[in-house]
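J.: I need the structure of the sequence given here:
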Amino acid sequence: MLGHTSRHARRHAAIARRGVAMARRNTTPARRSDVVARGFAVDATTHFGDKTVRTEEKAGLVKGVFESVASSYDVMNDLMSGGLHRAWKDDYVSRLGLQTMARATGKAPRCLDVAGGTGDVAFRCAEALAAWLPPLEADAPPPLVVCDPNEAMLEVGREKRDSRGLGPECVAFDVGDAQALPYDDATFDVVTISFGLRNVTDIDAALVEMRRVLKPGGRFECLEFSKVHPPPLKAAYDVYSKNVIPELGHRVAGDRASYEYLVESIRKHPDQLELLSRVAGAGFHSASVRDMTFGVVAVHSGYK
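T.: Numbering: from 1, shown residues only. I've put the predicted structure just below:
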């Protein structure tokens, strides 16, 4: 169920206003070096699922999880969400306004999907922009770029790209870290991250970095698991997440531990209001949040 009741819509409008008000206490974006220093120098430990690990160890541990699940990642997404992840991503991409941008400029906007893994969001963007792909200008950079730290996930994405008849001139797959993106300032019109922010070691550093690579006026959109609100539904969701998802991982992917981590990473992720405040605190203007499926996932948005 994608829509809200009016009660839930009013509640999250209030949440958005409160979160932005909190962030206005410091409207100057943090410098990336300051945020990274804060994350890595002051906080010597962080969480990895339900474990506490040294901060510098988390990226390698997360990489190991996704190397393990890469080959079964898409199938597991369907099983874990009952196919809902497809509807969430369809709605997410449809609201980016890519066709409107393309009609206004006569060419495809440049889009970066951070932690884009196997390319689900990028391929939906390609479908939305089919009339403007490949780039109209000779030697133009690819309009769609997927950046992910895990080569195994990217390789699955490249195979999917080739099977769709697309080429690297349309959709590029690059190795890169959300906290240190390998792109110049003001490169992209749109930056997205879906189901990846909770795996980042330092969320604030990643937010600042994604803002850095956006062009002025560019749009940021984050789709991520969040906090379910109606108490009876939350209780049922918690039981399902804790018991069913790891068992599915064991039976389908032969990997219970990785899916136990994924469940715990959702539980540890900031709630809607806290993340909204951090998006605004990273320097994004008009920060907002909307729930889908009663808060199972939420979309946080902002502009540079």
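J.: Report the contact partners of Met210.
T.: Taking CB atoms under 8 Å, 6 or more residues apart in numbering, we find Met210 in contact with Leu112, Val114, Ala178, Leu181, Val191, Ile193, Phe220. Where C-beta positions appear, they are placed from N, C-alpha and C, glycine not excepted.
J.: mind checking how far Gly165 is from Val146?
T.: For Gly165, the distance to Val146 equals 17 Å [CB to CB, to the nearest Å].
J.: about what we covered before: so which of the contacts of Met210 comes closest to Thr52?
T.: For these, the closest approach to Thr52 (CB to CB) belongs to Ala178, at 21.5 Å.
J.: wait, that closest one sits on Ala115?
T.: Yes - assessed by CB atoms under 8 Å, Ala178 is found in contact with Ala115 at 5.9 Å.
J.: Common neighbours of those two, please.
T.: With CB under 8 Å, 6+ apart, Ala178 and Ala115 have common neighbours Cys147, Pro149, Ile193, Gly196, Leu197, Val200.
J.: Can you name the residues bridging to the third one?
T.: Each beta-bridge partner of Ile193 is listed here: Val114, Cys222, as defined by DSSP bridges.
J.: What's the local residue count around it?
T.: Using other CB atoms under 10 Å, Ile193 has 26 neighbouring residues.
J.: The fifth one too?
T.: Other residues near Leu197 come to 24 when the count uses other CB under 10 Å.
J.: The fourth one too?
T.: Using other CB under 10 Å, Gly196 has 24 neighbouring residues.
J.: Now do it against His269, distance only.
T.: For Gly196, the distance to His269 - CB to CB - is 11 Å.
J.: Helices of the stretch 101-250 of the chain, start to end?
T.: 120-128, 151-163, 203-213, 231-239, 245-248 (DSSP state H, counting those that start in this stretch).
J.: If we ignore the residues flanking it in sequence, what's nearest Ser241?
T.: Val263 (4.8 Å; CB to CB, 6 or more residues apart in numbering).
J.: was I right about that neighbour contacting Tyr240?
T.: No - in this structure, Val263 is not within contact of Tyr240 by CB under 8 Å, at 9.6 Å.
J.: Looking only at neighbour counts, state which of those two leads.
T.: Val263 (22 against 12).
J.: The helix or strand where the more buried one lies: how far from the chain's middle?
T.: Per DSSP states H and E: Val263 is located in helix 256-268. Offset of helix 256-268 from its chain centre (CA atoms, centre = their mean, to the nearest Å): 16 Å.
J.: tell me which residues in the very next helix or strand once past that helix are buried?
T.: From helix 256-268 onward toward the C-terminus, using DSSP H and E, the following helix or strand is helix 272-281. Under the neighbour-count criterion of 16 or more other CB atoms under 10 Å, helix 272-281 has Gln272, Leu273, Leu275, Leu276, Ser277, Arg278, Val279, Ala280, Gly281 buried.
J.: what's the model's confidence in helix 272-281, averaged?
T.: Averaging pLDDT along helix 272-281 gives 98.
J.: for it, packing partners?
T.: helix 6-23, helix 203-213, strand 214-225, strand 285-292, strand 297-303 (3 or more CB pairs under 8 Å, 6 or more residues apart in numbering; DSSP states H and E).
J.: between it and strand 285-292, how big is the angle?
T.: 150 degrees (axes from the mean of the first three to the mean of the last three CA atoms, to 10 degrees).
J.: CA atoms only for helix 272-281, dumped as PDB, please.
T.: This file holds the C-alpha atoms of helix 272-281, laid out as PDB (Å, rounded to 0.1, in the frame of the first residue of the first chain):
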ATOM      1  CA  GLN A 272      12.200   9.400   9.900                       C
ATOM      2  CA  LEU A 273      12.500  12.500  12.000                       C
ATOM      3  CA  GLU A 274      16.200  12.000  12.900                       C
ATOM      4  CA  LEU A 275      17.200  11.300   9.300                       C
ATOM      5  CA  LEU A 276      15.200  14.300   8.100                       C
ATOM      6  CA  SER A 277      17.100  16.500  10.500                       C
ATOM      7  CA  ARG A 278      20.400  15.100   9.300                       C
ATOM      8  CA  VAL A 279      19.500  15.600   5.600                       C
ATOM      9  CA  ALA A 280      18.700  19.300   6.300                       C
ATOM     10  CA  GLY A 281      21.900  19.600   8.500                       C
END
